[in-house]
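>>> Return atomic coordinates for the entry below.
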Amino acid sequence: MRHWALAAAPLALTLLAATGCESTSTSDAGAKPTAAPSSTPVARVCAKPAAGPAKAPAGAVTVDPAVVGDLVAKTKSNPPNTTFWLRPGKHRLDPDRYAQVIPKEGNRYLGAPGAVFDGGKKNQYAFGGSARDVTIRHLTVQRFVAPPDEGVVNHDSADGWVIEHATIQDNSGAGLMAGARQQVRANCLRDNGQYGMNAYKAGGRISGLVVEGNEIVGNNTDDWERRREGCGCTGGIKFWAVNGADVRGNWVHDNRGTGLWADTNNNDFRIENNVLEANDGAALIYETSYNAVIRNNTIRRNNWVEGRREAERGDNFPFATVYLSESGGEPRVRARTDKIEIYRNVLENNWSGITLWENADRFCNSPANTSSGDCTLLVRDTDRCAQPAIAKPPLYADCRWKTQRVDIHDNRFVLDKSVVKCTEKCDRMAVLANYGTYPDWSPYQGEKVAEAITRRQHNRWHDNVYLGPWKFVAYDPSRVLTSGKWQGTPYQQDAGSTFRARAGG
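Okay, here's the model as predicted:
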């Protein structure tokens, strides 16, 4: 949400080396960063998707594109754990908007070269139901019209699905939903109306999600943030209440809005070896969530559209390409790390860098909590977060999501304003909060949260390399600092970092 709102076996991926950038190379997390050619791969899946089997595998049921509804009928008439081979051609459903395939447990759907499952802009869903451990490979799924916030593939967020080498494109809503233990590998998630994937499960959390080697491009074609201003309802991928996710080796680019957005009680993410570029909004938002490692990513040319728009409106907030909003490390929430660690990334010519933010008015039971009805992972009963108990330990700390224990090190930040085509407000690195005012019973009024996030919550930059005219914001948007003041008392940030005023070296 925006800062002002009240608010499957190992897979051999087809990867080509990224070009035109530099990265940080270190032998260990504490070493001094040095420039080196980037080894971050790009998953160029959409241009040349891997071909499916040209002949039906032994024992597979063949599906005929000439027979409308053949896939639905044969799924119904065959037992669980059946393999279906879709012949080349356009496969269609009956023209009822609710017509869809309801797989049985363990079913496998394999597309031949040229097999397309087409919703004809009439059917809402392609694959739904609650069956577990369904596999979809080598199939193009297109032109379905799921409603907003709903998805076309795995519509009901069943568990254990594997989606590989598929092209999911030109659908309304989300290309696919996600369930627990879902594996999404080497797919082209392209030009869908709202999300490439919406990792959301009604009434529950998602665990053990793998998103690897996909190309996620051009999503949010319906421009939902403009249609529902401030909705926070778009992204190449949106994650909700996911506990344990590996997001690696993806190419997330040219989405209308945010590239990757984790929103509300996500935990234990590893976001690594991705290329995030040319998204209209931030490359990555990690919001009201916990414990993550963000490393070895190439992040370039993001947030030019949204950052410039807000600057032209006169907004002084440091909109950034990596935005942590009320998110931090929490040792009491079990994960592979107990902090948010951001290291060995290259951020090049984005609209600003990394912003750590807390909305002082956003906490459990506050009308300003845009995650309506949700509370932190430390408090089960939201109603407990009220006066007088919220004003004292432990609820004073536990009723709010906190940006804390964030460790930003051994990154390379490059900014050439002539490339970004900006003169100001595109050059910020920031840690800040607003002045708490709302509601009138809030124990967080005044400068309490700004003081905490800036000085007491163990948020650190250190051992980074800066190339270009970087500025720094601390405490609130009005405090714009030089690197010297940023490093000095009282902020004492970026110990061991180096600064060069001109990019290009």
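>>> Okay, buried residues for stretch 119-139 please.
119, 122-129, 131-139 (16 or more other C-beta atoms under 10 Å). Quick note: C-beta positions are derived from backbone N, CA and C, even for glycine.
>>> Could you do stretch 61-79 as well?
61, 63, 65, 70-72, 74-75.
>>> got JSON lines for the residues you listed, with secondary structure and distance to E326 too?
What follows is those, written out as JSON lines (DSSP: H, G, I helix; E, B strand; the rest coil; distance: C-beta to C-beta, whole Å):
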{"residue": "V61", "secondary structure": "strand", "distance to E326": "50"}
{"residue": "V63", "secondary structure": "strand", "distance to E326": "48"}
{"residue": "P65", "secondary structure": "coil", "distance to E326": "49"}
{"residue": "D70", "secondary structure": "helix", "distance to E326": "49"}
{"residue": "L71", "secondary structure": "helix", "distance to E326": "44"}
{"residue": "V72", "secondary structure": "helix", "distance to E326": "44"}
{"residue": "K74", "secondary structure": "helix", "distance to E326": "49"}
{"residue": "T75", "secondary structure": "helix", "distance to E326": "44"}
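>>> and the two most separated of these?
P65 and T75 (15.1 Å; C-beta to C-beta).
>>> which residues in the stretch 401-505 of the chain form helices?
Taking DSSP state H, counting those that start in this stretch to define them, one finds helices in the stretch 401-505 of the chain at 417-420, 448-451, 483-487.
>>> Which one, of these, ends up nearest to Q404?
That would be helix 448-451 among those, by C-beta to C-beta, at 11.2 Å.
>>> helices or strands next to that closest one in the packing?
strand 428-433 (3 or more C-beta pairs under 8 Å, 6 or more residues apart in numbering; DSSP states H and E).
>>> Sheet-wise, list the partners of the strand it packs on with their directions.
strand 354-358 (parallel), strand 471-475 (parallel) (DSSP bridges).
>>> In whichever helix or strand comes after the first one, which residues are buried?
Translated: strand 354-358. Sequence-wise, the next helix or strand downstream of strand 354-358 (DSSP states H and E) is helix 395-398. Neighbour counts over helix 395-398 (16+ other C-beta under 10 Å) mark 395-396, 398 as buried.
>>> try stretch 414-434
414-415, 419-420, 422, 425-434.
>>> want to try TSV for the helices of the stretch 401-505 of the chain, with mean pLDDT and distance to N220 as columns?
Shown next, in TSV, are these (pLDDT from 0 to 100; distance: least, C-beta to C-beta, whole Å):
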stretch	mean pLDDT	distance to N220
helix 417-420	97	22
helix 448-451	98	31
helix 483-487	98	35
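>>> how about F117, what does it touch?
Neighbouring residues of F117 by C-beta atoms under 8 Å, 6 or more residues apart in numbering: 71, 86, 91, 111, 126, 139-142.
>>> Among those residues, which lie within strands?
Among those, DSSP state E puts 86, 91, 111, 140-142 in strands.
>>> Which single one of those residues is nearest to N359?
V141 (38.2 Å).
>>> is that closest one in a bridge, and if so with what?
Residues in beta-bridge contact with V141 (DSSP bridges): F117, I168.
>>> Which members of the ones in strands among the contacts of F117 are the farthest-apart pair?
It's L86 and Q142 that sit farthest apart of the ones in strands among the contacts of F117, by C-beta to C-beta, at 13.5 Å.
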